[in-house]
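1. here is my input; please provide its structure:
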Amino acid sequence: MHRLVKEKGRIKVELQAFLVGNDLCVIISGGDTPHIGAVALSVPRTSLTDSDKTSASTSILTLLGHKEDEPAKKVSHALASRFNMNVVVTCGIHLDDIEPEEIKTVGEMLDQLVEELICEVSCKL
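-> Alright, predicted model coming up:
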């Protein structure tokens, strides 16, 4: 299991990742009320533009009224393409009265967490 956390001001985002056989399960949560807002499943495939590269096909389920579909898709797709493995990501971050700048900060934190996870997982594969 990998557990990574980023905090800035009132924002806290946690990423947990588990290898499940040859697959990867990632849970992203944070804010005032962690929850499941969206789920993304990415399956690796050969890139449509470069047969020497791996990409992924991603499916998303989003709970009504939630906006975590884009971050879940981005993380799932990136990890499946990078590791050539099936990846599922659940994402639920809720911050009361979130400001546009804080939304940007959450995105930056997620990018950093994904890079840290890639470094950690790469060492174990």
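
2. lowest-confidence helix or strand of the chain?
-> Across the helices and strands of the chain, the lowest-confidence element by mean pLDDT, DSSP states H and E is helix 100-124, at a mean of 91.

3. any residues touching that one, and which ones?
-> Applying CB atoms under 8 Å, 6 or more residues apart in numbering, the set of residues contacting helix 100-124 from outside is 2, 4, 6, 8-11, 13, 15, 17, 19, 24, 26, 28, 30, 71, 74-75, 78-79, 82-83, 93, 95, 98. Yep, even glycine has a C-beta here, placed from its N, CA and C like the rest.

4. pull out the buried members of those residues.
-> Members of these that pass the buried threshold by neighbour count (16 or more other CB atoms under 10 Å) are listed as 2, 4, 6, 11, 13, 15, 17, 24, 26, 28, 30, 71, 74-75, 78-79, 82-83, 93, 95, 98.

5. helix or strand: which one has the residue nearest the centre of the chain?
-> Computing the C-alpha centroid of the chain and ranking residues by CA atoms, centre = their mean puts residue 75 first, at 3.3 Å. Counting by DSSP states H and E, the element that carries residue 75 is helix 69-83.

6. same check on residue 40?
-> Element membership for residue 40, per DSSP H and E: strand 38-46.
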